[in-house]
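Q: can't give you the sequence, but here's the structure:
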Ligand code: PLP
């Protein structure tokens, strides 16, 4: 009955953990949810006000499919200001979240026979979006020793005549690591040599710690920019996950094709959310810095505590709001043989929801989101510590 392609994919594992935790919570159980992929902060007030004004002004109708000019202009200003990237409106498409931007890219570029290189650990939706377009995800390994950055040797080994693109995510969900300029330069050089597109998911750009700075691979040179589609959005930077605004910036022909696809699927992103996004991009940015500072404090606390638990080792992540501890030393104890077993054990025994590394193509790890209060972090860590002590 159902189309063949639907059999190749699975529901988003992170959303599945999140909904299982919410289900237990709804039953009255005191679950600490470290599975979430969204800031726990409220959307800043001036952004909400802009949306309320849009409703009151009657800005509640269809807009141009690819987003209103005002928002495209605000995005162009942002990309120039923050990333040193110069684009025209024809290079921008606003979609219903960065996930939708990525899906439009996959639809526009990938088809049967195409191969797409995805470094693991990867964000859960990349392989499935490739599969949904009848192309082949080529999952390539990275190592903790190399801060989970794709090495050029591995990249070269995996390029074939069918390789069409490579998907990069920096800062990364789930590892929290970021690519260095040198690593980006090396990857870009190989991509250009083999005529590959680079899809650069930069949604966590605003969450970088220790004074680090985000570098967009597209900013390395005009040549690289011409082969790159930059993806970004407001969900993580401005605590706007529910508003569903993401965008892509890239070569005109690709953006035009993505817009055509969007015109036959969702049409425009919500008119009101677009006005809110303009306020987010053009308004005061201190809210972004404040959230980042709070995340940084939580990261420091969480990672220190995790490393004090026997069997767990956790490198200090540099961005996003995830820690990705290594749990290999715990595996093999009391029938816990995989990151999934451990996640189930922690949910049932300690009432703490975490996401197994296997969901991101990385066995031997779990992902802990620190997009939750300091109090919840302390409580959850203590529960994990206790539950793991019982394994010995
Ligand atoms: N890319 C990455 C790496 C993410 O973690 C997420 C959300 O979890 C997204 C893209 C999608 O964000 P949104 O569709 O809310 O803009």
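A: Noted; the coordinates are in hand. Quantities reported herein were computed from a predicted structural model and do not represent experimental measurements.

Q: next one: whichever strand or helix holds residue 70 to chain centre, how far?
A: For residue 70, the host element (DSSP states H and E) is helix 69-83. Averaging C-alpha positions (Cα atoms, centre = their mean, to the nearest Å) puts helix 69-83 20 Å from its chain's average.

Q: that helix packs against which elements?
A: Here helix 69-83 touches strand 92-95, strand 246-249, helix 271-282, going by 3 or more Cβ pairs under 8 Å, 6 or more residues apart in numbering; DSSP states H and E. All C-beta atoms are positioned from the backbone trio N, CA, C, and that covers glycine.

Q: for the ligand, which of the ones you listed is the nearest?
A: With Cβ to the nearest ligand atom as the measure, strand 246-249 is the member of the helices and strands packed on helix 69-83 nearest the ligand (3.9 Å).

Q: may I see the helices and strands packed on helix 69-83 arranged in JSON lines, with mean pLDDT, mean neighbour count and distance to the ligand as well?
A: As requested, these are exported to JSON lines (pLDDT from 0 to 100; neighbours: other Cβ atoms under 10 Å; distance: least, Cβ to the nearest ligand atom, whole Å):
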{"stretch": "strand 92-95", "mean pLDDT": "98", "mean neighbour count": "28", "distance to the ligand": "8"}
{"stretch": "strand 246-249", "mean pLDDT": "98", "mean neighbour count": "28", "distance to the ligand": "4"}
{"stretch": "helix 271-282", "mean pLDDT": "98", "mean neighbour count": "23", "distance to the ligand": "11"}
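
Q: what angle do whichever helix in the chain runs longest and helix 271-282 make?
A: What stands out as the longest helix in the chain, according to DSSP state H, is helix 286-307. Angle of helix 286-307 versus helix 271-282, following axes from the mean of the first three to the mean of the last three Cα atoms, to 10 degrees, is 80 degrees.

Q: buried stuff in helix 286-307?
A: Using 16 or more other Cβ atoms under 10 Å as the test for burial, helix 286-307 gives 287-288, 291-292, 294-296, 298-299, 302-303, 305-306.

Q: returning to that earlier point: out of the helices and strands packed on helix 69-83, flag the one nearest residue 78.
A: helix 271-282 (5.1 Å; Cβ to Cβ).

Q: which residue ranges of this protein form helices?
A: Taking DSSP H as the criterion, the chain contains helices spanning 13-26, 45-56, 69-83, 98-109, 125-131, 152-158, 181-193, 222-225, 252-263, 271-282, 286-307, 339-350, 374-389.

Q: ok, for the residue nearest the centre of the chain, nearest residue in space, not its chain neighbours?
A: Geometric centre of the chain, nearest residue: residue 173, 4.9 Å, by Cα atoms, centre = their mean. Nearest residue to residue 173 in three dimensions, chain neighbours excluded: residue 123, at 4.9 Å (Cβ to Cβ, 6 or more residues apart in numbering).

Q: now swap in residue 270 and tell me
A: residue 244 (6.6 Å).

Q: go on, residue 240?
A: Per Cβ to Cβ, 6+ apart, closest to residue 240 is residue 234, 4.3 Å.

Q: likewise for residue 245?
A: Using Cβ to Cβ, 6+ apart, the closest residue to residue 245 is residue 277 (4.4 Å).

Q: returning to that earlier point: didn't the residue nearest to residue 173 look like it was pressed against residue 175?
A: No. If you go by Cβ atoms under 8 Å, residue 123 and residue 175 don't touch, sitting 10.2 Å apart.

Q: of the two, which one has the most company?
A: Using other Cβ atoms under 10 Å as the criterion, residue 123 and residue 175 rank with residue 175 on top: 31 against 24.

Q: give me the distance between that one and the ligand.
A: Taking Cβ to the nearest ligand atom, to the nearest Å as the measure, residue 175 falls 11 Å from the ligand.

Q: tell me the spacing between that residue and residue 152.
A: Distance of residue 175 to residue 152, computed by Cβ to Cβ, to the nearest Å: 19 Å.

Q: what does the stretch 151-300 of the chain put close to the ligand?
A: 169, 173, 201, 203, 233, 235, 241, 246 (Cβ under 6 Å from any ligand atom).

Q: what pLDDT does the second one get?
A: Just to be clear, that refers to residue 173. pLDDT, residue 173: 98.

Q: how about the contacts made by the closest residue to residue 155 other than its chain neighbours?
A: Of all residues not flanking residue 155 in the chain, residue 190 sits nearest, at 5.6 Å (Cβ to Cβ, 6+ apart). Residues counted as contacts of residue 190 (Cβ atoms under 8 Å, 6 or more residues apart in numbering) are 152, 155-156, 159, 196.
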